[in-house]
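Colleague: Predicted model and sequence follow; I will ask about them next.
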Amino acid sequence: MRRQLLAVVLCLPFAAYPQRTPKQVEVKVQKTSLTREQEAAIGKEAAAQVEREMEIVRNPEIEGWLNQIGQRLAKTPQANAYPYYFKLVNEPSINAFALPGGPMYVHAGLLQAADSEGEVAGVLAHEMSHVALRHGAAQIGKQQTWGALFGLAGAAVGAITTGENGECGWLCQIGQTGAGIGGNSVLMKFSRGFERDADLNGARMMASAGYDPMQLPRFFEKLETKLGSAAEPKGLALWLSSHPATGSRVQYVADDIKFYPKGSYTADTGRFPRIKQVVASLPAPQMKPAKLVLAKEGAAPRRNLPAGFKDYQANGFAVAYPGSWRIGQGDGGGSLYLVPQGGAVRGQNGVELLAGAMVDYYAPAGSVQLDASTREFLTSMQKGDANLRAETSERVNVGGKPGLKTRMTTRTSLQQEPDQVIYLYTVARAAGLWYVALAAQPSRLGDFEPVFGQMIGTVQFPD
Ligand SMILES: [Zn+2]
């Protein structure tokens, strides 16, 4: 009896100070000044911009598969009930990103780099976790204007930057870096804390959906080992740098899994090998006009431009223009304007060109053919402008390509001299009918015509 009592007494101090059991790391949904409706609106605008610049793969088999995995993850409590949807973009680089409110885009290159459906699910779960935990919204809320974050798309929400003439509110300076949303700017860079939270929330999401959560950190670390190697997949460095980890992803996810309810992870559609084959057989991606007009990154400067001219090298063409002119796009992107001071005004339906140049691509109904597509383009312009008269087109050479030059006349909203002469140059390109419209009032043609001629002389195409 006595001995037993002693044992109880001796045990008491231990019972009073229980061993501290490790606690599961807490993952928080970030506070943000944005409402869910605002997040959805931002995501929708950004998604529209992405789809203007990148080619979405319209393949029911791939889309169906991607959404099957995605919706399985979206139903878990960790997904925080956002209306996610998933699309594949025809880009060979490694990338995947989810926009505020739920739109998510996966590059074909990422599917090529993955070895299992679980690895793809891991990337989806990680990116969806940035949305679910409101990381983008928190970051945007801090920046006041989300436009600042999305570069060019910023023009869509009004005045982001004001140029010397205060013009840039609507005709916004492109600059030489050409920040397109489909490019790097969409890769929001999150803090290491947000990254760890996205890993942990993503792993929990994986487990809830029936996928082995270890596939998430293992895929990230597998990709890291390819960094700097000769066979480094395109875009890998950029993607990994936008998802920096603190310490070992595998380690902290493994620590987290100890707290998960026991279960076996059996989710798998079994279709991944087939999907990889379909992805491998996709045609080469076509750059869309919205991307072709954006400045090309890392373009080497061109020599032998006319004196005092500035150069603009876009993804789809290059053109030089007088140094005193401004270059920009209207609200929400679109056509490129190269104008002298006062050469463009905000019209009822966007930007009105008074004098200077406008460059863009026209998308014909069928295939692109110089003569037929130019005629179709002229007809469509005349439908929208009753004053527009076009003379017979003449054959010219633009940047070493066969082109057409069409002289047109119309009227502008300019009070003093509404008459306008436009020289329209068109060239058939894979993405559409490339054109530059060079415009001036008849009284100023004497000054403008030589400049127009010099500009046309600087046009080049990359292929
Ligand atoms: Zn991330």
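Modeller: Yep, it's here.
Colleague: which element is the residue in the stretch 101-250 of the chain that the ion sits nearest to on?
Modeller: Per Cβ to the ion, H243 is where the stretch 101-250 of the chain lies closest to the ion, at 3.8 Å. All C-beta spots, glycine's among them, are computed from the backbone N, C-alpha and C. Per DSSP states H and E: H243 is located in neither a helix nor a strand.
Colleague: With G328 instead?
Modeller: strand 326-329.
Colleague: and that strand, what other elements does it pack with?
Modeller: strand 172-173, strand 336-339 (3 or more Cβ pairs under 8 Å, 6 or more residues apart in numbering; DSSP states H and E).
Colleague: worst average pLDDT in the ones you listed?
Modeller: Among the helices and strands packed on strand 326-329, strand 172-173 carries the lowest mean pLDDT, a mean of 42.
Colleague: Beyond that strand, next helix or strand please.
Modeller: helix 192-209.
Colleague: Can you list the buried residues in that next one?
Modeller: 194-209 (16 or more other Cβ atoms under 10 Å).
Colleague: burial of the residue of the stretch 101-250 of the chain closest to the ion, as a residue count?
Modeller: 22 (other Cβ atoms under 10 Å).
Colleague: ok, now the one 10 residues further on?
Modeller: The number of residues packed near V253 is 24, by other Cβ under 10 Å.
Colleague: so it makes contact with L200?
Modeller: Yes. Counting by Cβ atoms under 8 Å, L200 is a contact partner of V253 at 6.8 Å.
Colleague: Would you enumerate the residues in contact with the closest residue to the ion within the stretch 351-463 of the chain?
Modeller: Scanning the stretch 351-463 of the chain for proximity to the ion using Cβ to the ion identifies A431 as nearest, at 31.9 Å. Contact analysis of A431 by Cβ atoms under 8 Å, 6 or more residues apart in numbering lists 286-289, 292, 316, 361.
Colleague: Now go through those and say which are in helices.
Modeller: 289, 292 (DSSP state H).
Colleague: Please indicate which of the contacts of A431 are buried?
Modeller: Applying 16+ other Cβ under 10 Å to the contacts of A431 flags 287-289, 292, 316, 361 as buried.
Colleague: Number of residues surrounding A125?
Modeller: When neighbours are counted by other Cβ under 10 Å, A125 registers 32.
Colleague: Now it: closest residue in space that isn't a chain neighbour?
Modeller: Excluding the flanking residues, the one nearest A125 by Cβ to Cβ, 6 or more residues apart in numbering is G202, at 3.7 Å.
Colleague: Enumerate every residue touching the one you found.
Modeller: 78, 122, 125-126, 128-129, 213, 216.
Colleague: got JSON lines for the residues you listed, with pLDDT, distance to the ion and secondary structure too?
Modeller: Conversion of these to JSON lines gives the following (pLDDT from 0 to 100; distance: Cβ to the ion, whole Å; DSSP: H, G, I helix; E, B strand; the rest coil):
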{"residue": "Q78", "pLDDT": "98", "distance to the ion": "15", "secondary structure": "helix"}
{"residue": "G122", "pLDDT": "97", "distance to the ion": "11", "secondary structure": "helix"}
{"residue": "A125", "pLDDT": "97", "distance to the ion": "11", "secondary structure": "helix"}
{"residue": "H126", "pLDDT": "96", "distance to the ion": "6", "secondary structure": "helix"}
{"residue": "M128", "pLDDT": "97", "distance to the ion": "10", "secondary structure": "helix"}
{"residue": "S129", "pLDDT": "96", "distance to the ion": "8", "secondary structure": "helix"}
{"residue": "P213", "pLDDT": "97", "distance to the ion": "16", "secondary structure": "coil"}
{"residue": "L216", "pLDDT": "96", "distance to the ion": "11", "secondary structure": "helix"}
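Colleague: Could you give me the ChimeraX selection string for whichever of those residues are buried?
Modeller: In ChimeraX, a selection of the buried entries from the contacts of G202 looks like this (16+ other Cβ under 10 Å):
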select :78,122,125,126,128,129,213,216
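Colleague: What is the nearest of the contacts of G202 to R346?
Modeller: M128 (39.1 Å; Cβ to Cβ).
Colleague: distance of that closest one from F377?
Modeller: 42 Å (Cβ to Cβ, to the nearest Å).
Colleague: And the helices in the stretch 301-450 of the chain, which stretches?
Modeller: 370-384, 445-458 (DSSP state H, counting those that start in this stretch).
Colleague: Switch those over to TSV; also include mean neighbour count and mean pLDDT.
Modeller: TSV is the format used below for the helices of the stretch 301-450 of the chain (neighbours: other Cβ atoms under 10 Å; pLDDT from 0 to 100):
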stretch	mean neighbour count	mean pLDDT
helix 370-384	16	91
helix 445-458	16	97
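Colleague: can you list those helices in a markdown table and add distance to the ion?
Modeller: Compiled in a markdown table, these are given as follows (distance: least, Cβ to the ion, whole Å):
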| stretch | distance to the ion |
| --- | --- |
| helix 370-384 | 43 |
| helix 445-458 | 42 |
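Colleague: In a markdown table: the ones you listed, plus distance to V57.
Modeller: Output for the helices of the stretch 301-450 of the chain, formatted as a markdown table (distance: least, Cβ to Cβ, whole Å):
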| stretch | distance to V57 |
| --- | --- |
| helix 370-384 | 26 |
| helix 445-458 | 36 |
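Colleague: could you measure T246 against K87, distance?
Modeller: 31 Å.
Colleague: Low-confidence stretches in the stretch 1-150 of the chain?
Modeller: Along the stretch 1-150 of the chain, segments meeting pLDDT under 70 span 1-20, 141-150.
Colleague: rerun at 50
Modeller: 1-2, 5-16, 144-150 (pLDDT under 50).
Colleague: For it, which segments are assigned as strands?
Modeller: 85-89, 96-98, 103-107 (DSSP state E, counting those that start in this stretch).
Colleague: any chance of those strands in CSV, plus distance to V50?
Modeller: Formatted as CSV, these follow (distance: least, Cβ to Cβ, whole Å):
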stretch, distance to V50
strand 85-89, 8
strand 96-98, 9
strand 103-107, 6
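Colleague: picking that back up, so how far is G247 from the residue lying closest to the residue of the stretch 101-250 of the chain closest to the ion once chain neighbours are set aside?
Modeller: Spatial nearest neighbour of H243, excluding adjacent residues (Cβ to Cβ, 6+ apart): E195 at 5.7 Å. To G247, E195 is 11 Å away according to Cβ to Cβ.
Colleague: Cross-check the contact I'm expecting between D371 and L404.
Modeller: Yes. Counting by Cβ under 8 Å, D371 touches L404, with 7.1 Å between them.
Colleague: Mutual contacts of the two, please.
Modeller: The contact lists of D371 and L404 share S393, where a contact means Cβ under 8 Å, 6+ apart.
Colleague: what pLDDT does A209 get?
Modeller: So A209 comes in at 97 (pLDDT).
Colleague: So it sits against P77, correct?
Modeller: No. Assessed by Cβ under 8 Å, A209 is found out of contact with P77, at 10.5 Å.
Colleague: any chance of the contacts of A431 in JSON lines, plus pLDDT and distance to the ion?
Modeller: Formatted as JSON lines, the contacts of A431 follow (pLDDT from 0 to 100; distance: Cβ to the ion, whole Å):
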{"residue": "Q286", "pLDDT": "83", "distance to the ion": "29"}
{"residue": "M287", "pLDDT": "84", "distance to the ion": "27"}
{"residue": "K288", "pLDDT": "85", "distance to the ion": "26"}
{"residue": "P289", "pLDDT": "89", "distance to the ion": "31"}
{"residue": "L292", "pLDDT": "92", "distance to the ion": "29"}
{"residue": "G316", "pLDDT": "95", "distance to the ion": "31"}
{"residue": "Y361", "pLDDT": "93", "distance to the ion": "34"}
